[in-house]
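1. Sequence first, then the predicted structure:
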Amino acid sequence: MKVEEIRHFSDEEIQTELDRLHRHLFDLRAQAVTEKLEAPTMLAKAKRDIARVLTIRRERQLAGADTSNEE
């Protein structure tokens, strides 16, 4: 998932995507334990996607806090 795609999401969509990614990571970990995981790199990719979403969410939180402090 690209950062630019995430930036176009609403706050609710970001939370939904984050929940989906956490569930996907859980499923991948379960597959890794049962040795059914096709590619081990999928775990790292899922973690990176979660980090991207969290970064965008944090940027929005900080941007909202900056505008409220300027008054």
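-> Sure thing, it's come through.
2. can you give me the helices for this protein?
-> 3-7, 11-33, 41-69 (DSSP state H).
3. which helices and strands does the last one pack with?
-> Going back to what we said before, that points to helix 41-69. helix 3-7, helix 11-33 (3 or more C-beta pairs under 8 Å, 6 or more residues apart in numbering; DSSP states H and E). The way it works is simple: take the backbone N, C-alpha and C, and place the C-beta from them, glycine included.
4. So which bits of the last one are buried?
-> Of the residues in helix 11-33, those buried by neighbour count under the rule 16 or more other C-beta atoms under 10 Å are 14, 17-18, 21, 25, 28.
5. Next: stretch 30-44.
-> Neighbour count says stretch 30-44 has 37, 42 buried, by 16+ other C-beta under 10 Å.
6. now it, how far from the chain's geometric center?
-> Between the centre of stretch 30-44 and the centre of its chain there are 19 Å (C-alpha atoms, centre = their mean, to the nearest Å).
7. looking only at pLDDT, what's the mean for that stretch?
-> In this model, stretch 30-44 has a mean pLDDT of 92.
8. Right, I'll leave it there.
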